[in-house]
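Chemist: Just a sequence and a predicted model for now, questions to come.
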Amino acid sequence: MIAVIDYGMGNIASILNIYKRIDRRDVYLTKDPAVIRNAEKIILPGVGAFDNGMKNLHESGLIPLLNERVLKERIPVLGICLGMQLLFDKSEEGKEAGLGVD
C-alpha cells in the first residue's frame, strides 16, 4: 500500500489520477497515522512555500511518524516538488528546518 501524505499542500489530485489511470487501487490520500504506519511506501507531494509546508507538517503531528517510518524503518519515500525539498535539512527558500532525510 502507498500512502500519499495529506498535509494541506499540493498536487494531490494529479498524483491520485496517475494511479487511478494505471488502475492501482492501493494508493491512499491520508493523514491517518494508522494508514501511514501500515504503508509500504510513502509519497510526500507538495506545491507552495517551504516554510508553509513545514508548518503544515508540524500542525498535522505527522513528523515523528514520518521520521520513524522513513529514517528508522527505511521504507521508500518519494518527495514530489515541495515534498522533495521538505525531505532535506533546510531550504534556501525558507527559514524553517526541514525533515533531514537527506
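Modeler: Yep, it's here. Residues are numbered from 1 along each chain as shown.
Chemist: what separates residue 26 from residue 78, distance-wise?
Modeler: 15 Å (C-beta to C-beta, to the nearest Å). In short, each C-beta sits where N, CA and C put it, glycine included.
Chemist: go on, residue 90?
Modeler: 20 Å.
Chemist: Then residue 24?
Modeler: In terms of C-beta to C-beta, residue 24 sits 14 Å off from residue 78.
Chemist: the more surrounded of the two?
Modeler: residue 78 (15 against 11; other C-beta atoms under 10 Å).
Chemist: Other residues contacting whatever helix or strand that one lives in?
Modeler: For residue 78, the host element (DSSP states H and E) is strand 77-79. Residues from elsewhere that reach strand 77-79 (C-beta atoms under 8 Å, 6 or more residues apart in numbering): 41-44, 46, 66, 69-70, 85-87, 101.
Chemist: Show only the entries of the residues you listed found in helices.
Modeler: Of the positions in these, 66, 85-86 sit in helices, assigned by DSSP state H.
Chemist: so what's residue 15 up against?
Modeler: By C-beta under 8 Å, 6+ apart, the contact list for residue 15 reads 4, 43, 45, 80.
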